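[1] build me a structure from this.
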Amino acid sequence: MPYEVIDHTADTGIRVWAGTPTGLFAEACRAMFELITDNYRVTPVKTEKLSVEGIDQTDLLINWLRELLMLWSADRELVASAQISELSDTNLRATVWTQPFDPEKHVLYTDIKAVTYHGAEIICRHGHWETSVIFDV
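    Okay, here's the model as predicted:
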């Protein structure tokens, strides 16, 4: 599994790793939504095109996750998967596949209120990309 859950006082977080920066951003999306629900029960039925900006790669990751969280918080859309089509240090374009929340089908695990900057960083070690993100729950 390319991520792990991080215990944090009164919050929760993820540590994610991937072989590429685009993979890292996609896995961070998956990890966040697996905290919210059983992602294996989310069937992609809708497609969303997203464009996100940041001042650097870490800010971009936080803004990416915030944009995805907004799909859940505002629209009650669960993200099944994401494909990053363009990624630079300050811009991201992606396609996400979603399904509207169905209380008969989906179990909610964690109510994530916000994506925080606390301890957030992206690093590359020996050709592998890693990040840690803490969520306010």
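[2] the most centrally placed residue in the chain: what secondary structure?
    With distances taken as CA atoms, centre = their mean, Cys29 lies nearest the centre of the chain, 2.3 Å away. Assigned with DSSP: H, G, I helix; E, B strand; the rest coil, Cys29 falls in the helix class.
[3] again, but for Thr22
    Criterion first, three-state DSSP; result for Thr22: helix.
[4] that one - how many residues pack around it?
    Neighbour count for Thr22, taken as other CB atoms under 10 Å: 18. C-beta here means a position set from N, CA and C on the backbone, and glycine is covered the same way.
[5] could you find the closest non-adjacent residue to it?
    Nearest non-adjacent residue to Thr22, counting by CB to CB, 6 or more residues apart in numbering: Ile84, 4.0 Å away.
[6] repeat that for Glu48.
    Val96 (4.9 Å).
[7] any idea how far that neighbour lies from Ala18?
    Applying CB to CB, to the nearest Å, the value for Val96 to Ala18 is 17 Å.
[8] what mean pLDDT does the helix or strand Asp59 falls within get?
    Element membership for Asp59 (DSSP states H and E) is helix 57-75. On average, the pLDDT along helix 57-75 is 98.
[9] can you give me the buried ones in that helix?
    57-65, 67-69, 71-72 (16 or more other CB atoms under 10 Å).
[10] sorry, back to before: looking at Val96 and Ala18, which one has more neighbours?
    Shown here are Val96 and Ala18; by other CB under 10 Å, Val96 has more neighbours (23 against 18).
[11] before we move on, which element is Glu34 in?
    Counting by DSSP H and E, Glu34 is part of helix 21-36.
[12] for the helix or strand following that helix, buried residues please.
    Going down the chain from helix 21-36, the next helix or strand is strand 46-53, by DSSP H and E. Judged by neighbour count (16+ other CB under 10 Å), strand 46-53 contains these buried residues: 48, 50, 52.
[13] before I go, just wanted to say thanks for your time.
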